[in-house]
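Student: would you be able to build a 3D model of this:
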Amino acid sequence: MSAPAAPAGLQNPFPGLRPFREDEEHLFFGRENQVDAMVNKLAATHFLAVVGNSGSGKSSLVNCGLRPALYGGLMASAGTNWRMAQFRPGNNPIRALVNALAKDGVLFSNYAGKGLTLAEIIDTTLRMSKLGLIDIVEQAQLSKDVNLLIVVDQFEELFRYRQLRVAQPENIQGMSEEAVAFVNLLLEAKQQTTYPIYVVLTMRSDFLGDCAQFPGLAEMISTGQYLVPRMTREERRAAISGPVSVSGAAISPLLLTRLVNDVGDNPDQLSILQHALNRTWGYWQSHGDSTKPLDLADYEAIGTMTYALDKHAENAYAGLDSERKKQLCEKIFQALTDKATDLRGVRRPTTVDTLCALADATLEEVTAVIDEFRKPSRSFLMPPAGEILDADTVIDISHESLMRVWQRLSAWADAEAASVQIYHRLVETSMLHQEGRAGLWQDPDLQVALDWRVKEKPNEIWAHRYYPNFAQAMRFLDASVAYRDNEIREQEVQRQHALEQERILAEQQRIAETERRRAREQARSIRRFRKFTVTLIATLIVAVGAAVWAIQQTNIAALRSLEASAFSHIRELDLSLLLSVEALEIDDRPDNESILLNALQQTPHLLTFLRGHVGTVRSVALNANGKILASGGTDNTVILWDVAAREQIGTPFTGHTGTVWSVVLSPDGKTLISGSGDNTIMLWDVLTHQPLGSPLTGHTGPIVSMALSPDETILASGSEDNTVILWDVATRQPLGPPLTGHTGPVRSVALSTDGKILVSGSADNTIILWDVATRQPLGPPLKGHTGPVRSVVLSADGKILASGSKDKTIMLWDVATQQPIGSPIAEHTGTVLSIALSADGKTLVSGGGDNTVRLWDVATGQPLEAPLTGHTSSVWSVALSADGTVLTSGSEDSNIIVWDVSTRQPLGLSLTGHTSSVLSVALSADGETLVSGGDDKTIQVRDVATHQLFESLLNNHNGPVSSVALSADGKTLASGSEDRTIILWDVTTRQPLGPALTGHTSPVLSVAMNADGKIMATSGDDNTILLWDVATRQPLEAPLTGHTSSVWSVALSADGKILASGSGDKTIRLWDVTTHRPIGSPLTGHSGVVRSVALSSDGKILASGSVDKTIRLWNVATQQPLGPPLVGHISAVRSVALSADGKILASGSDDNTVRLWDVATHQPLGAPLIGHSDAVLSVSLSADGKTLVSGSDDNTIRLWDIAAGTLLHPSSDPWKVRACRIANRNLTRTEWQKYMGNRPYRATCPELPLAKD
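Tutor: Alright, predicted model coming up:
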């Protein structure tokens, strides 16, 4: 293309960042061949898509190449008569097209119609149908030789605004109806042949894939695509030297060669080249001799292509003379750029009045900042200098390259994207909450959102640019705050209540101390007069007795205070254990051990607490043999622990300046890796505690998860910047660019044991499987969670994937099919923050925001036992040893807990059917038949093996069935009721064996049968016992009397010779069945109602349970207690049962638990069996002691497998030693003063050091 004569004067011929304008054709060089190809393509197809990288000169090529060529008649078939409408689509593409067509001289000239404006007429016509563009051209009645060229510059804006979805109706694919209608107008215009309409688009090549979202668009672009080629070296030389020559200047060959080399083959450098040339010309003109050529010194003075743009923009920023202007500058540029909805980074033209609203500034303030960036020597913002700005003026950055090269703007755009991400999550969750599919936010998400609101000060206008429903999101946030604050208030009320109880106890202690001092005074007074009279001596004796009594009262008050404190702090297990030990120091009687025993049995798996972090423990990791533990926390440190010794190894690792979110130990335990909120990863030598080189950098957000391949060659890291990076551990370099695909923070990563598969879980609620070799996803993201994915883990064989989420569920996935396995596991009541799998893939461990750790059977998805409790706040991380026996957990309570999970605590199988309390249960001797009686007046018979309920219910009683009993052969059933009757049943036919038996004058409370089923004993609220001949269904004698209150329980020896009874009169009586006479005196010892008695099959051992919370064992022959009471229940004992061999005792209590006891040692067998949600009213053991059944006030029956192999046997350590081993500390001085008063401070656990405070 030939250039016209140069304009007068040495004007700067380079436009800088903005595209060339049509009137600058004489300055446009090096593209002649490209223009020819474009014209030919447009002539053939009537449609041209000019596609290229950002910065490849697409707009300039159209403005100064294509358009002048058409006017010049280069398209011979069309002639030279052209009308052209050029525009950018923005967020309202049809309106943009209307404004371009309505310009005078495009379709109509000197339009003077009445009524509607020309723009209104065109707008209405375009929106009537997809033929609207053709219709308005027809209405224009242009001459036949007139061609219409529609130029849609920066067509990619259409996709960006589709993604924004700002308050526009959408079709089923999520595209705005406006965008679809606009594309359809272009498609129809291209397809028709009646009118000479030509369509040209300019578009970034990285948006080509988005075209498929619009039906027909991809096909149209395929036929008319012109991919902007790389300029040859000679073309680049011409593009540089041509404008210089035209403008009357010269350029040195050295500088020309340097510029050509600096551009290289990268087409997106052209805009940066133009800016550097603009700056070089300006420097040459102001600092050099205009008679000399532009030289290398001028180019280097402005920073070369590498730094010129950043330096120039920083100069403009420095020109802002106040902090207020600089703050406004950040807001303005954040509004004009967009990385939030498109990570590729795009421009976002915005009106001045919108900028004012977003920045909360006046028109004058905003204009002053904009003008600084569009001075004649600067072209960062458009429109150019000289054009007056008003409220409706659209401001735009001149080129996307400014976002990439100006580092300050890049950081602003990233910050804006992070802010939008928080807002998006907030809106999304608020909508789910409104639908009942999500809960209110809790910390830390809530605090992050609150900090965001304070820092960013979002408003409705800002929010509407991204996602609607701002007001709803803010209401959701306020509701979350209110809920959290209410919880805090409730906790404070509970704390104050506990303090009040402690104050009352302290007051009682003070009163006791006052009495003791008074007694001392009295004793001293009496000693002064003891020589005078016998009366005074007697008085002295009384005073001494009073002093002793006062001291006893002081000790009792202190004991009660400690017991109350220990019980109130049962959730703070370590403190509860230490207070319980101190309570035993005051009074070590057996019946005072119950609080300590209860505390110990709360968490039978808990081995010890580890303390060292001063904030939340975010991550824990074990080496292969489970002997070394690493932990990282919010105190920015990593600590190594000797698990067996329960102590730190050396001093903490320091070096990070942010929270340590993730720690990994190499399999051999020699290398430690830590990832932090400071965006870095550090490798450490475990032996020396020194860093192995410099930190690994690459992420732009906190590193929250890492995974190391077993061969220690590959490290994967997931970050809040939404990416995953794979690292070569040997070279400490990334294995390629970050993996992108998630639209939210990557919260967890995992590698398969062969290092071939990577898994990532994200806050975008999805999981992605990656091929490590190709670094590509293995299929689409896995979707199933309704909340952010917090943790992922792969089984050792790589076949099963487990994921935990904020939606409180765990999901199992088949890696091969990428489909869920079964239904989600939904028993956590808080976010599932961490999961781990055992090496054999059979056991899954999870830690949650509900403060619990849980164990699951992977095959069934069912809990392996009750939740492990011990933490007082969210469990952020769990780790299992390779052999699956040692489990560690780190928590927001600053503690790490080590658990022994080598054994399992039985879990009861819940059986339902009764509609009210289950008052009594009985098992046949062979353990095959289960019978239950309920408050619903029915009796239910079940098959133990199948758990099936036989079809018919036994419902002949007119009142609650208070007791059931089975004969040893399981053929005969006896039931007693509050209707005062007893019924005998044939179990096989489930029919009564005759009419109901009467004899009691009050409700029947208990029935019992001997082994052969010939003798039955019943007792009632009438204080009597009746013995019955089962065969004749007649009483054997008159009622047995002797108890002075209700007889709650009776038991017969297997041979039917001895009867035991327990009563509300707090006594137990033994009876000779043959003579119907009492055997000896009543057995006393219980301080409360005796609710249950049981006899061993040989009749030698008797067990009794009482509302005094204790169980007693008795020698039937001597009628003496067998040792001290069994303590452990914290409420009334309702039922006791003995195994046939008399070795195992079971008890049920109002504390909702079942306990098992070793009769020989009087020690508990494992922890309480937890599962019932209300009082346990009845227990029964099978003859072999392997099956236990319990009935409860919660209307359910539970079957427990208590075979010897599953029991947790008691530790051989004394209780105090076990308590100290678990607590792993002493009371602090503050705790001692609070709970022990003025007693001298000492070590509760002498083998452990005193607290440093």
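Student: for the rest of this, base every contact and every neighbour count on C-alpha atoms.
Tutor: Noted.
Student: where in the stretch 151-300 of the chain is pLDDT low?
Tutor: The stretch 151-300 of the chain contains residues with pLDDT under 70 at 160-176, 265-268.
Student: where in the stretch 601-750 of the chain is pLDDT low?
Tutor: In the stretch 601-750 of the chain, residues with pLDDT under 70: 601-602.
Student: what do you get for the stretch 801-950 of the chain?
Tutor: Using pLDDT under 70, the stretch 801-950 of the chain drops low at 904-908.
Student: how is this structure partitioned into domains?
Tutor: When the chain is parsed with automatic domain parsing, its domains come out as 31-230, 236-406, 416-486, 623-697, 702-839, 919-1207.
Student: tabulate those domains (a markdown table), appending distance to Lys1216.
Tutor: Shown next, in a markdown table, are those (distance: least, Cα to Cα, whole Å):
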| stretch | distance to Lys1216 |
| --- | --- |
| domain 31-230 | 64 |
| domain 236-406 | 59 |
| domain 416-486 | 37 |
| domain 623-697 | 17 |
| domain 702-839 | 33 |
| domain 919-1207 | 14 |
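Student: possible to save these as JSON lines with distance to Glu1231 and mean neighbour count?
Tutor: Below are the domains of the chain laid out as JSON lines (distance: least, Cα to Cα, whole Å; neighbours: other Cα atoms under 10 Å):
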{"stretch": "domain 31-230", "distance to Glu1231": "56", "mean neighbour count": "18"}
{"stretch": "domain 236-406", "distance to Glu1231": "50", "mean neighbour count": "18"}
{"stretch": "domain 416-486", "distance to Glu1231": "27", "mean neighbour count": "17"}
{"stretch": "domain 623-697", "distance to Glu1231": "22", "mean neighbour count": "20"}
{"stretch": "domain 702-839", "distance to Glu1231": "31", "mean neighbour count": "21"}
{"stretch": "domain 919-1207", "distance to Glu1231": "25", "mean neighbour count": "21"}
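Student: of all the ones you listed, which one is nearest Asp900?
Tutor: Ranking the domains of the chain by proximity to Asp900 (Cα to Cα) places domain 623-697 first, at 11.2 Å.
Student: got the end-to-end distance for that closest one?
Tutor: 25 Å (Cα to Cα, to the nearest Å).
Student: what of stretch 619-637?
Tutor: End-to-end distance for stretch 619-637: 11 Å, by Cα to Cα.
Student: that's a helix at Gly242, yeah?
Tutor: Yes - counting by DSSP: H, G, I helix; E, B strand; the rest coil, Gly242 is found in a helix.
Student: what helix or strand is the nearest residue to it once chain neighbours are set aside located in?
Tutor: Sequence neighbours aside, Phe29 is the residue nearest to Gly242 in space, at 6.1 Å (criterion: Cα to Cα, 6 or more residues apart in numbering). Using DSSP states H and E, no element contains Phe29; it sits outside every helix and strand.
Student: gap between Phe29 and Ala238?
Tutor: Distance, Phe29 to Ala238, by Cα to Cα: 6 Å.
Student: where do the strands sit along the stretch 801-950 of the chain?
Tutor: For the stretch 801-950 of the chain, strands defined by DSSP state E, counting those that start in this stretch occupy the ranges 810-814, 819-820, 832-837, 843-848, 853-857, 862-863, 875-880, 886-891, 895-900, 909-911, 918-923, 929-934, 939-943.
Student: just tell me which of those strands ends up closest to Ala212.
Tutor: strand 819-820 (27.3 Å).
Student: related to what we said a few turns ago, out of the strands of the stretch 801-950 of the chain, flag the one nearest Leu1145.
Tutor: Each of the strands of the stretch 801-950 of the chain was scored for nearness to Leu1145 using Cα to Cα, and the closest is strand 918-923 (14.9 Å).
Student: report the angle between that closest one and strand 939-943.
Tutor: Orientation check (axes from the mean of the first three to the mean of the last three Cα atoms, to 10 degrees): strand 918-923 against strand 939-943 gives 40 degrees.
Student: what's near enough to touch Ala836?
Tutor: Contact analysis of Ala836 by Cα atoms under 8 Å, 6 or more residues apart in numbering lists Val793, Leu844, Val845, Ser846, Val878, Ala879, Leu880.
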